[in-house]
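> just the structure for this:
(2 chains)
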Protein chains: 2
Amino acid sequence: MGILKKTPESVYLIAGKPSDKAFVKNFLINKKDNELIFAVDSGLEALDSINIVPDIILGDFDSVGKGILKKYIDKKDIRIIRHNPIKDASDTELAVDECIKARIRKIYMLNCLGGRMDHTFANIYLAYKCIKNDVDVYIFDEFNKIYFRKSSFELNRSNLYGKYIAFFSTYRPVSNFYITGFKYPLRTQVLDSWLNPSLTISNELIEPSGYVSFEDGAVMVIESRDKKPDWSNNK
Amino acid sequence: MGILKKTPESVYLIAGKPSDKAFVKNFLINKKDNELIFAVDSGLEALDSINIVPDIILGDFDSVGKGILKKYIDKKDIRIIRHNPIKDASDTELAVDECIKARIRKIYMLNCLGGRMDHTFANIYLAYKCIKNDVDVYIFDEFNKIYFRKSSFELNRSNLYGKYIAFFSTYRPVSNFYITGFKYPLRTQVLDSWLNPSLTISNELIEPSGYVSFEDGAVMVIESRDKKPDWSNNK
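Numbers count the residues shown, from 1 in each chain, chains lettered A, B, ... in the order given. You can find the predicted model right below:
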């Protein structure tokens, strides 16, 4: 990421077509100067359709209209990383690898969920790869905020993305898991989503703050809401 | 499931609101007389909106309009299972438990993917719970067909749901995994989606049939397509 003199604070990774253009546009309004927008393959089309110019573009561009790519390919301030379509990892994984190499500290992944579920799952596993490499990562769409935690943590109700919160085990069951401050408290137990699929979904934080405790492993956290906010003012 | 004299061959579980009503309607056209439609909570609303009457309704009905429930509650040939909203499992899990108890052999899960990701993940884990209990289960939406396999299996190109096929590890890494007949062949290796998030996505079966081999564990299979077929003739 040799464009900026300093390593950018964080990167917005736009990984595909959006389910909601207004959401993406509204989300990117908050971008600071020291943050980069990274378009992955058809994510370029998504950005183009809302008139947002990325800083980096990566892909084999097998699914991007040639006209759109042409608009950006000669611009000096845009870095283009082109890959062979025959490869062992998705464009999104290659983009994440670039971020890890460049020592980016935080990634917001957008347009990563819904539609084709193979992409959705790969993106979730990919977010975990970031965490393993000490890159803080958050997947957002209009209904969900998804992230991972490798050790016990606190949650504040005022910061939640929606009414609901859910916890899932990851690469192995999570031992000595318990939560306090929630509508459905859980006493110490093994968190194993393969064994208890829906035990920890649709929970709600009822105290001003809640505590999620566990001993080892990693927990996937999904903060969610049933309805999207009204972004009509920002369209 | 005491309504039918014989155990139904399979059950269509409608677990929420549809992303595509035409898809659900079209899917249910193929239902045979010896198969049941099982509406879970807001799945009832989904069915009502396409004028399909379920055989069983289960839920706490916290998210169903009272008017809609009233239409069905006094019908003699519809079984209603009402649950307390405060419970340790989702309505969908309780519905699956009913199916397992009734020794149903096959479940088609619809309206299970997309939107709130906590529900999506819980539904996927839930499908695996079915497999453990020897119930064959398939999750369908307009883009994806998702299922699990506990041992090596063959795939025929003519039966695939879409162009793409992907394989993921489940509750633990899958050892001695290899595939033949595909565009991107994989030699024997450990399949661990937490380690190699996108290694096995967007693959394509190029031979008339392909073989997926592994030694132990369980594999999640996602057959997918980028575009939905045109159901306009069936709307």
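> please count neighbours and contacts with C-alpha atoms only from this point.
Will do.
> list the contacts of the residue nearest the centre of chain A.
For chain A, the residue sitting closest to the mean C-alpha position, by Cα atoms, centre = their mean, is A:I139 at 1.8 Å. By Cα atoms under 8 Å, 6 or more residues apart in numbering or on different chains, A:I139 lies in contact with A:108-110, A:112, A:127, A:145-147.
> swap in A:Y108?
A:Y108 touches A:10-13, A:137-140, counting by Cα under 8 Å, 6+ apart.
> spell out which parts of chain A neighbour chain B.
A:88-90, A:93, A:113-119, A:121-123, A:125-126, A:128-129, A:143-144, A:166, A:171-172, A:193-195, A:197-202, A:222, A:224-226 (Cα under 8 Å from any Cα of the partner chain).
> mind listing what's buried in the one helix or strand in chain A whose mean pLDDT sits lowest?
The weakest-scoring helix or strand in chain A, judged by mean pLDDT, DSSP states H and E, is helix A:66-73 (a mean of 83). Neighbour counts over helix A:66-73 (16 or more other Cα atoms under 10 Å in any protein chain shown) mark A:69, A:72 as buried.
> residues in contact with whatever helix or strand comes next after it?
Using DSSP states H and E, the helix or strand that directly follows helix A:66-73 along the chain is strand A:79-82. Under the criterion Cα under 8 Å, 6+ apart, residues A:3, A:55-61, A:73 lie in contact with strand A:79-82.
> which outside residues touch the helix or strand following strand A:79-82?
Following strand A:79-82 in sequence order, the next helix or strand is helix A:91-101 (DSSP H and E). Residues outside helix A:91-101 that contact it (Cα under 8 Å, 6+ apart): A:1, A:11, A:15, A:38, A:40-41, A:58-60, A:83, A:123, A:126, A:130, A:133, A:135, B:197-198.
> please list only the buried members of these.
A:1, A:11, A:15, A:38, A:40-41, A:58-60, A:123, A:126, A:130, A:135, B:197-198.
> now do the end-to-end distance for stretch A:107-116.
22 Å (Cα to Cα, to the nearest Å).
> with stretch A:105-118 instead?
End-to-end span of stretch A:105-118 (Cα to Cα): 26 Å.
> what is the rounded mean pLDDT of it?
Across stretch A:105-118, pLDDT averages out at 95.
> show me which positions of it end up buried.
Result for stretch A:105-118 [16+ other Cα under 10 Å]: buried residues A:105-118.
> show me the buried ones among the contacts of helix A:91-101 that map onto strands.
Those of these mapping onto strands are A:11, A:38, A:40, A:58-59, per DSSP state E.
> out of those, the closest to A:I29 would be?
The closest of those to A:I29 turns out to be A:V11 (Cα to Cα; 13.6 Å).
> so the closest one makes contact with A:R103?
No. If you go by Cα atoms under 8 Å, A:V11 and A:R103 don't touch, sitting 10.9 Å apart.
> and stretch A:170-177, C-alpha only, in CSV?
What follows is stretch A:170-177, C-alpha atoms only, in CSV (Å, rounded to 0.1, in the frame of the first residue of the first chain):
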residue,chain,number,x,y,z
THR,A,170,-15.5,-20.9,16.2
TYR,A,171,-12.8,-23.3,15.3
ARG,A,172,-13.4,-25.3,18.5
PRO,A,173,-15.8,-25.3,21.4
VAL,A,174,-15.3,-22.4,23.8
SER,A,175,-14.8,-23.5,27.4
ASN,A,176,-16.1,-21.8,30.6
PHE,A,177,-18.3,-19.4,28.7
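> and the next element down the chain from the longest helix along chain A?
Identified as the longest helix of chain A according to DSSP state H is helix A:117-132. Where DSSP H and E defines the elements, the next helix or strand beyond helix A:117-132 is strand A:136-140.
> centre of the chain to that following strand, how far?
How far strand A:136-140 lies from its chain's middle: 3 Å, per Cα atoms, centre = their mean, to the nearest Å.
> list the neighbouring strands of it plus their orientation.
Counting by DSSP bridges, the strands paired with strand A:136-140 are strand A:106-110 (parallel), strand A:144-149 (antiparallel).
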